[in-house]
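> what follows is a predicted protein model with its sequence.
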Amino acid sequence: MPSAASRKYPGIRAPLLLLLLLLAAVPSGAADTVSVDVATVYASNEGTSIDPALGTIRGKLHSMFNYTSYRMLDRKRRTISVGEAGEFELPGRRTMRATPLPAQGDKVRLSIQISDGPRKLLTTTLGLRRGGMVLVGGPSHQAGVLILIISAE
Amino acid sequence: MDCGAALGVIEAKADGLLPREEAAELAGHLAGCPACAAEDAAISAAGSALRALTGIRAMEKGPALDAMWTRVRAGIEEGREARRRPSWIARWAWIPAAGALAVLALLFYPPGTDRSPFHPSTFDVAVEDVESEVATVALVDKGEDLPRVIWIIEDA
């Protein structure tokens, strides 16, 4: 049976329902999550093209490494709760596992593990500000290497 | 029709409410009954006088009645208009709805979808520890305006 208010203001019923849905949908621990963004770039000396999808980071890649071609193969973002691991598939049999650790203020701490099948290529713990970025490179791929652009918010 | 019945319907006749058959029956009785005819004449005269009086009163009260009706009609229109006009709550109700939709869209935006190019706010990164079971790892730092690089040199 509709309430007196909803009878008086029929237009308010839908927005109220939406707001209730929204409140139900928002995860209660939203502040305890980290959004991890991983872009996989293939760097090589095959050609001289630089993927425009790399945006402002193109010039930095060019000035930091001696490769002539940079192509973004994939880009994924996962919102991961602190203490939980998020997995990112990389070319080949490789995978990257990112686990946010407890941190203070606008800091983000990430435990990163890159594996090549059963082999652990890298295990590291990074501390960065939200919106910060770090590069992990070196694993061979085709005629070049892979460079991972990892950022966290 | 006898006199009792006739007297009972004379008023209805004067008011024009008597069915045609009864009116014919009454007319037949009045034609043969002077007493009832006199009563009929008196009531009809009174009815005419009353209607005339009512007409006069109505003419006298006409402007006042017109003014009252104008006020009543204005009140009715005002009420209709108020019902038609949405309240400020109903008028602005779409704003929270749009906001809720926008937040829902952001919440359920599919992960992994291509987004805008990279705009890092900082390259300030602390590497707390780094190790590898099968490779040599180098930490490369080329300045504050360039991102730090962890370089994996896979052993042959």
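Cool, the structure landed.
> for residue B:23, give its distance to residue A:36.
Applying CB to CB, to the nearest Å, one obtains 100 Å for the distance of residue B:23 from residue A:36. From N, CA and C alone the C-beta is placed, and that goes for glycine too.
> of these two, who's got more company?
For residue B:23 versus residue A:36, neighbours defined as other CB atoms under 10 Å in any protein chain shown are more numerous around residue A:36 (24 against 15).
> list the contacts of the more buried one.
For residue A:36, the contacting residues are A:77-80, A:86, A:88, A:98, A:100, A:110, A:150-152, taking CB atoms under 8 Å, 6 or more residues apart in numbering or on different chains as the criterion.
> point out where chain A drops to low pLDDT.
Within chain A, the set of residues satisfying pLDDT under 70 comprises A:1-31.
> near chain B, list only the ones from the contacts of residue A:36.
With CB under 8 Å from any CB of the partner chain as the criterion, the members of the contacts of residue A:36 in contact with chain B are A:77-79, A:151.
> can you add neighbour count and give the residues you listed back as a markdown table?
Below are the ones next to chain B among the contacts of residue A:36 laid out as a markdown table (neighbours: other CB atoms under 10 Å in any protein chain shown):
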| residue | neighbour count |
| --- | --- |
| A:77 | 20 |
| A:78 | 18 |
| A:79 | 16 |
| A:151 | 25 |
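> name the nearest of those relative to residue A:41.
Taking CB to CB as the measure, residue A:41 sits nearest to residue A:151 out of the ones next to chain B among the contacts of residue A:36, at 13.0 Å.
> just confirm yes or no for the top helix by length along chain B near chain A.
The helix spanning the most residues in chain B, taking DSSP state H as the definition, is helix B:34-84. No. Helix B:34-84 stays clear of chain A (CB under 8 Å from any CB), getting no nearer than 10.3 Å.
> now that helix: average pLDDT?
The pLDDT scores in helix B:34-84 average 83.
> how far does that helix sit from its chain's centre?
Once both centres are worked out by CA atoms, centre = their mean, to the nearest Å, helix B:34-84 turns out to sit 34 Å from its chain's centre.
> what packs against that helix?
Helix B:34-84 is packed against helix B:3-14, helix B:20-32, with contacts defined by 3 or more CB pairs under 8 Å, 6 or more residues apart in numbering or on different chains; DSSP states H and E.
> downstream neighbour of it in the secondary structure list?
Next helix or strand after helix B:34-84 toward the C-terminus (DSSP states H and E): helix B:88-92.
> who does that following helix touch, helix- and strand-wise?
Contact here means 3+ CB pairs under 8 Å, 6+ apart; on that basis helix B:88-92 packs against no helix or strand.
> what's the burial count for whichever residue of chain A sits closest to chain B?
In chain A, the residue that lies nearest chain B is residue A:55 (2.0 Å; CB to the nearest CB). Burial of residue A:55, expressed as a neighbour count using other CB under 10 Å, amounts to 13.
> okay, the helices and strands packed on helix B:34-84, which one's buried deepest?
A comparison of those by mean neighbour count, using mean count of other CB atoms under 10 Å in any protein chain shown, puts helix B:3-14 on top with a mean of 16.
> so what's the gap between that one and the chain middle?
Put simply, helix B:3-14 sits 52 Å off its chain's centre (CA atoms, centre = their mean).
> and the angle for it with helix B:20-32?
Taking axes from the mean of the first three to the mean of the last three CA atoms, to 10 degrees, one finds that helix B:3-14 is oriented at 120 degrees with respect to helix B:20-32.
> residues contacting helix B:3-14, please?
Counting by CB under 8 Å, 6+ apart, residues outside helix B:3-14 touching it are B:18, B:22-23, B:26, B:29-30, B:33, B:35-36, B:39-40, B:43-44, B:46-47.
> what's the average pLDDT for it?
Per-region confidence: helix B:3-14 scores 84 on mean pLDDT.
> and the angle from that helix to helix B:34-84?
Note on geometry: by the same axes, to 10 degrees, helix B:3-14 and helix B:34-84 are set 40 degrees apart in direction.
> name the helix or strand for residue A:113, please.
Here residue A:113 is covered by strand A:107-116, with elements defined by DSSP H and E.
> which parts of that strand are buried?
Along strand A:107-116, the positions that meet the burial threshold by neighbour count (16 or more other CB atoms under 10 Å in any protein chain shown) are A:108-116.
> just checking, next helix/strand downstream of it?
Per DSSP H and E, the first helix or strand lying C-terminal to strand A:107-116 is strand A:119-129.
> list the contacts of the residue nearest to residue A:134 when sequence neighbours are not counted.
With sequence-adjacent residues excluded and distances taken as CB to CB, 6 or more residues apart in numbering or on different chains, residue A:134 is closest to residue B:125, at 4.6 Å. Taking CB under 8 Å, 6+ apart as the definition of contact, the neighbours of residue B:125 are A:126-128, A:132-134, B:147-148.
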